[in-house]
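# Let me see the structure of the following:
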Amino acid sequence: MIDDITLRPFAEADLDWLVEAHATLYAEDEGFDDSFGPLVETILRRFLLDHDDVRERGWVAAHDGHRLGSIFCVESPQPSWAKLRLFLVLPQAQGFGLGQYLLDTCLGFARGVGYDGVTLWTHKSHAAACALYEKNGFALEAEKPVTSFGSSQIEQTYKITF
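Here you go, the predicted structure:
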């Protein structure tokens, strides 16, 4: 199936889908409340209005016209570092290597434009994603208990240096 996946740049036409996909999946899987969708929308609108075309990208994975996932590489507040954001693989697309494909794309881009490394923020409950990060050389830098989006979570920060 992975050979039939296309990756294309994120576009404004993807905004509503990506907000809804994140909000729905995180509500079902993590118990997130309705404050999560607006955060995702804010991140995406800022990206559309103000991203650096050379050093920042967002991708949408699709198969037969159906969107299956996304990943973004944006500049981090830490100089010369990138931040991985909005990594999503829909349940029906899991188990086929799409997560690895998206992560490879993001990391290859970050290396190619000269970032020193990539950082990301996630929750410990995202066990499959965390295992993928560690398999690809990310190290857990910090974790702490939080209440985010109406749900008790363990927030984690991962980092990989090139």
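# Could I get the buried residue list for stretch 115-127?
Across stretch 115-127, burial judged by 16 or more other CB atoms under 10 Å covers 115, 117-120, 122-123, 126. Placement of C-beta: from N, CA and C, glycine included.
# correction: stretch 31-48
In stretch 31-48, counting by 16+ other CB under 10 Å, buried: 32, 36-37, 40-41, 43-44, 47.
# One more: stretch 47-54?
47, 51.
# Need the contact partners of it.
10, 12, 15, 56, 58, 72, 74-75, 113 (CB atoms under 8 Å, 6 or more residues apart in numbering).
# give the contact list for the most far-flung residue of the chain relative to its centre.
What lies farthest from the middle of the chain is residue 64; by CA atoms, centre = their mean that is 21.9 Å. When contacts are counted by CB under 8 Å, 6+ apart, residue 64 touches residue 4.
# Number the residues from 48 up from this point.
I'll keep to 48 as the first residue from here, and by that count the last item is residue 111.
# so how far is residue 71 from it?
21 Å (CB to CB, to the nearest Å).
# Low-confidence stretches in the protein?
48 (pLDDT under 70).
# Could you pull out the helices in it for me?
Assigned helices in the chain, in chain order: 62-77, 83-97, 145-159, 174-182 (criterion: DSSP state H).
# so which of the ones you listed is the most packed in?
Comparing the helices of the chain by mean neighbour count (mean count of other CB atoms under 10 Å), helix 145-159 ranks first with a mean of 18.
# Now do the buried residues in stretch 50-59.
Buried, per 16+ other CB under 10 Å, within stretch 50-59: 52, 54, 57.
# Kindly indicate which of these lies nearest residue 204.
residue 57 (23.6 Å; CB to CB).
# Can you verify my assumption that that closest one contacts residue 105?
Yes. Using CB atoms under 8 Å, residue 57 is in contact with residue 105, at 3.2 Å.
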